[in-house]
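# here are the coordinates; sequence isn't available:
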């Protein structure tokens, strides 16, 4: 992958610095029409647009900034089977039969992700393997229970690695073992988003950047309005997630933007990087405010965490991220972070996916809750199928009940901060 600098209108990150610069696509000007208009050029919107164009629909995508500007181009890059909540949460929400359907859908979503990368030749550094690692005995017991549940109820093979086995591939003494998932993995998020955009454009999708939607006009033919034009369509897909910003207030009350952050070290050299994670897997711990990390193609350690629920950037972010990294890898005491960046993800109260229809011709997907690299693509495929008349999978997702965050506009974030502080304290104490 080329090391050219990306366009300066991407937020500064190692991701943006490690992909070739791309010229901006023209903003929307004037009146336009399409079969489907999509708000948002992240994974959800681009995958829906690509799938619909391949079915013969005329699709226009409106992006407020650049392709993959939001979470799709800044996330931790870990692509994991499942959703942002545990399967037992989905079982409580939907019952065993529908929970099994949703999990099987997520396995399909992971397979589709890999197929999309291969079919469209997307150079995004895909690597197989993901490990969930416990710090405390309570977390170890929970992971063992989850491994058994996934084998018995979902026919999904996971491996338990004890501390000795884990230590063979992960040079850290912090963890008690690991649940290893060979089907999950990791990729370069922004390179994947840009590859999706190229595939969508090749399939006939019209892409407009720097075209923030100011208003959704609902009706028989809904309209997405921007400052300089509008698109009228038979169907609209809202894929703005944490950046909807007043377009659909009834969705925003059921979603909370949460800041999450990641850093990249200087290049360590192949030998030193491989000494940290010998099998090139992605790793995440079991804390509520978790640490997650993996290697890059140019042999950096990418280290993320430091979730912030207050909407304010954490003070001393680079120093605190460096301390967290060295707590996992003390052997990196001489290593600093070349880049530190962050952005918003969208969470729901129950951390379950919130996908469905606002009206019969306005579709949406949100609530990926930090687990969206694979499930966003699934959402795009599911919505595209529903628009084309095959809504069975979307109907299952719509059966998940979602409640608004308590406290209204003024208090809902302070209440969330208080609740998350309890979970962080629990992780520290036991």
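Perfect, thanks for sending it. Not measured: the values here are computed from a predicted model.

# which stretches of the stretch 301-430 of the chain have low pLDDT?
Counting by pLDDT under 70, the ranges of the stretch 301-430 of the chain that qualify are 309-313, 406-430.

# In what element of secondary structure is the nearest residue to residue 209 once chain neighbours are set aside found?
Once flanking residues are discounted, residue 209 sits nearest to residue 25: 4.5 Å by Cβ to Cβ, 6 or more residues apart in numbering. Heads up, the C-betas are built off the backbone N, CA and C, glycines and all. Assigned by DSSP states H and E, residue 25 falls within no helix or strand.

# just the strands in the stretch 151-300 of the chain please.
Under the criterion DSSP state E, counting those that start in this stretch, the stretch 151-300 of the chain carries strands at the ranges 159-162, 177-186, 206-208, 213-217, 223-226, 229-238, 256-265, 282-285, 292-295.

# can you tell which of those strands is closest to residue 86?
Nearest to residue 86, of all the strands of the stretch 151-300 of the chain, is strand 177-186, at 12.5 Å by Cβ to Cβ.

# buried stuff in the closest one?
Counting neighbours by 16 or more other Cβ atoms under 10 Å, one finds that the buried residues in strand 177-186 are 177-181, 183-186.

# Does anything pack onto that strand? Which helices or strands?
When contacts are defined as 3 or more Cβ pairs under 8 Å, 6 or more residues apart in numbering; DSSP states H and E, strand 177-186 sits against strand 78-79, helix 96-119, strand 127-133, helix 137-154, strand 159-162, helix 163-167, strand 282-285.

# Strand partners (parallel or antiparallel) of it?
Strand 177-186 sits in its sheet next to strand 78-79 (antiparallel), strand 127-133 (antiparallel), strand 159-162 (antiparallel), going by DSSP bridges.

# Looking at those strands, spot the one closest to residue 242.
Using Cβ to Cβ, those put strand 78-79 closest to residue 242, at 18.1 Å.

# how far does the closest one sit from the chain's center?
8 Å (Cα atoms, centre = their mean, to the nearest Å).

# continuing past that strand, what's the next helix or strand?
helix 87-94.

# Identify the residues contacting that following helix?
Residues outside helix 87-94 that contact it (Cβ atoms under 8 Å, 6 or more residues apart in numbering): 83, 98-99, 102-103, 146, 149-150, 153-154, 350-352, 396, 399-401.

# can you pull the buried residues of that helix?
In helix 87-94, counting by 16+ other Cβ under 10 Å, buried: 87, 89-91, 93-94.

# could these be laid out in JSON lines, adding distance to residue 319 and pLDDT?
Compiled in JSON lines, the buried residues of helix 87-94 are given as follows (distance: Cβ to Cβ, whole Å; pLDDT from 0 to 100):
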{"residue": "87", "distance to residue 319": "37", "pLDDT": "95"}
{"residue": "89", "distance to residue 319": "35", "pLDDT": "95"}
{"residue": "90", "distance to residue 319": "38", "pLDDT": "97"}
{"residue": "91", "distance to residue 319": "41", "pLDDT": "97"}
{"residue": "93", "distance to residue 319": "40", "pLDDT": "96"}
{"residue": "94", "distance to residue 319": "43", "pLDDT": "97"}
